[in-house]
Each structure stands twice: as C-alpha cells, then as structure tokens.
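Colleague: Build me a model:
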Amino acid sequence: MPKSISEIKLGILGGGQLGRMLVQAAKEWNLDCYVMDESDDFPSGNVGANFVLGNFKNYDDVYNFGRELDVLTVEIEHVNIDALFKLQQEGVEIHPRPESLNIIKDKGLQKSFYNKHKLPTSDFELFDDKDQIMKALSKGIIKLPFVQKSRLAGYDGKGVVLIKTEKELNEIMDVPSIIETLVNIQTEVSIIACRNKKGEIKCYPAVDMDFHEKANLVEFVYYPSKISLDKQKEATIIATQVIEKLNICGLLAVEMFIDNDNNILINEIAPRPHNSGHLTIEASVTSQFQQHLRGVCNLPLGDTRFHSAAVMINLLGWNGYSGTTRYSGIDDCLALEGASLHLYGKQTTKPYRKMGHATVLDKTRIKATKKAKSIKKLLKIYA
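Modeller: Residues are numbered from 1 along each chain as shown. Okay, the predicted model is just below:
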C-alpha cells in the first residue's frame, strides 16, 4: 500500500537556496525532509530539515544518504549518478531518474537528445578540447560568432563563453564543449512543466527572461509574457514533449529562445525548481516548490494559473564586495506595495552571487517592473 504524504521520507541532494525553498514548502504538509550537503551553514541548514553532512558528488555519501529514504530528488544536476542507479535498483524512488539525469547533466548529450527526438534547437558541434575548436575554426567547420558551453558542470552563467571576434579567441575554455551557432534572439522564455508517475502533466504559463550582461545569469523574470498566445501554446507543447520523452517526474524547466524569424529553439533544461519559477511562490495558485513535491511524491498536480502580473528580480552580491554578508535598504524595499523579499541566508557574499530574490505583484507587468527596478537600486548586498 502506498505511503501517505506524512509517512514519506524525502531526501534532497544539495543544500542551497532551492533545497531551502523545497524544505519550506514540504513543512506545510509535515513532509519529513532530509538534506545532504557539505555544510549546515548552507541555506537549507537552518529551515528545519534533517541535515546530513556529505558530498553529493561522492558515491558512498550519496548511497548512504539515500538508502533509508523513500524518495530522493536533487536541487543540482551534478551529483553522483552511479549511486543513484544503485539506490534505484534497491527500490528508492529517484526523481529525476538517473537515466534522464545522465543526459541532462551533459549539455552535449542534451543537444543530441533534442536532435534524436526532432525537438527544435540551435545548430551545434561537439569538441573535446580547445585545440579541436581552433582547428575546426581554421577549416571553416565553425565560424565566428559562436557560443561555447562546457559540457559538464556549468550553471548560473558559469561554463559559457560568447566569442564574437578573433581577439576573444584566447577566452575559449580548454574543456569538452559544445559550440553553438549564435542565435539572433528576439526574446528568451521559460516554460516550467511538471509530471507525476500517473502521467499527469501540467505547465505554468510562459515567462520572459532578461539576463545580467556581466554575470550571464537571469536577472529579471516577467509575467505575463509578451510573446503571442500562439507562440506560448507552441512553447508549452514543446515543454510537454521534452518532459514526456525524458520520462521525468517532478519539475522540468525548459528555457527557449524566440529568434528573429519567430522560431522557438530549446536552449537548456533543468530537472528541478528553477530561477524562472520563483515568482510562482506569490503569483501562482501553486508554487513551483510545492508542485515539484507533488510530482516526485506522485500526488495530484496543483493549479498552475497566475492570479497577478508579476516580476522577479535576482538579488545579486554587489560587484567589488566579497566577505561576510551585510544588507542595506531592506526597509525601503518592503515599503513597496506588492513586494516580497526572499533572502537565502548565505553568510558570505561575492560579486554576482545569488543572495536572494524579490517578487513584485501588481495590476500590470509595467507597474511591477518599475517597482522591481527600484528594488535593484534600493537593496545593497555587500561585505
């Protein structure tokens, strides 16, 4: 007989802000949560989870952590896959499945997966190192400008290099990579899908994203999207196809480009709560964190409708400051009607580190955007 939600032991590999917000959502149902990471000073360490010290890249740590759990999920893709396969063989529910995670954590396998299943994505080539890239460039196999992405371990803008001119060739990373044709981007959107073992799938409405120029990570997320309803429907169909073909339970964030010819191209995916879904905490009937728990625990999926226009801004460590975290301007931000702050409890700050986020609800996207940009000016995170 399946266990009730109050009887499930849920494990989360990774103790960062995503794990923190998952634990906070789980506490609403009295769901027993266990989190593993290398320090209980991390954001998940002080929100009431059973915190276990360990390295989520280490086989023994992951295996020993998961063997007493009912369900195991992740807040970061770069975990020990071999241990997940062993735990799955022994009857632990692993979501996302290690077979799927193996594809997703390698951007080269991701892109090949899209091609195999005729899912739209930009043109690409695979390379083992910098020398191969330079030879391909000299032979005209690839051409400037292009985007280089590390196949492994890239996140939050790390492991991504834009090469526009010959002067920038020295910035090419000497790692296994994909080289993508530079897309003329009209806008960037995200669809967050969720699926449970029963096969039920629900998608959140499309949101638009603006990226920080220097940090190369999402800075603003906007709802409602400005793309046409037809394009929103098309993007939702694509996200549904991806989560089905990967056989994922829980969340899958699908980031997409709309190019200047109005084509939709998959950029990257993430099988977990995602930055582009943070605004669902205040703006949607069901937050992405509660929805992920519903998906991995095989519960009925929640209502994904938004009840307000909303804008989220990532709160980043200020450039030039590294050290013990201090804040100023919190009172001024909280004085803005419709604004909610989420500070992640990170004890040290550094330039462009994600330290929290703010969501603003208002009657229109324009009004919410104005307040979100005020928060960017008002809130200072420094050492």
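
Colleague: and the closest residue to Arg353 other than its chain neighbours, what does it touch?
Modeller: Counting by CB to CB, 6 or more residues apart in numbering, Gly317 is the residue found nearest to Arg353 once chain neighbours are left out, at 4.2 Å. The way it works is simple: take the backbone N, C-alpha and C, and place the C-beta from them, glycine included. Gly317 makes contact with 325, 349-353, 355, 381-382 under the criterion CB atoms under 8 Å, 6 or more residues apart in numbering.

Colleague: Could you measure from the residue lying farthest from the centre of the chain over to Lys118?
Modeller: Each residue of the chain has a distance to the centre, and by CA atoms, centre = their mean the biggest one is for Lys139: 36.2 Å. As judged by CB to CB, to the nearest Å, Lys139 and Lys118 stand 29 Å apart.

Colleague: repeat for Leu336
Modeller: 46 Å.

Colleague: One more: Glu268?
Modeller: 18 Å.

Colleague: Compare neighbour counts for the two and give me the winner.
Modeller: Glu268 (18 against 7; other CB atoms under 10 Å).

Colleague: wait, is that one part of a helix?
Modeller: No: secondary structure of Glu268 (DSSP: H, G, I helix; E, B strand; the rest coil): strand, not part of a helix.

Colleague: now it, nearest residue through space, not along the chain?
Modeller: Glu255 (5.1 Å).

Colleague: so where does that neighbour fall, helix or strand?
Modeller: Assigned by DSSP states H and E, Glu255 belongs to strand 250-259.

Colleague: And that strand, what's buried?
Modeller: 250-258 (16 or more other CB atoms under 10 Å).

Colleague: Give the pairing partners of it; include direction for each.
Modeller: Strand pairing for strand 250-259, determined by DSSP bridges: strand 185-195 (antiparallel), strand 264-270 (antiparallel).

Colleague: which one of those strands lies closest to Asn80?
Modeller: Asn80 lies closest to strand 264-270 among the strands paired with strand 250-259, at 18.3 Å (CB to CB).

Colleague: now what about the closest one, what contacts it?
Modeller: 77, 104, 107, 110, 114, 119-122, 183, 188, 231, 234-235, 238, 242, 252-259.

Colleague: Please apply the same query to stretch 339-349.
Modeller: Residues outside stretch 339-349 that contact it (CB under 8 Å, 6+ apart) are 16-17, 20-21, 41-43, 46, 278, 281-282, 315, 317-318, 321-327, 330, 333-334, 353-361, 371, 375, 379, 381-383.

Colleague: No further questions, thank you.
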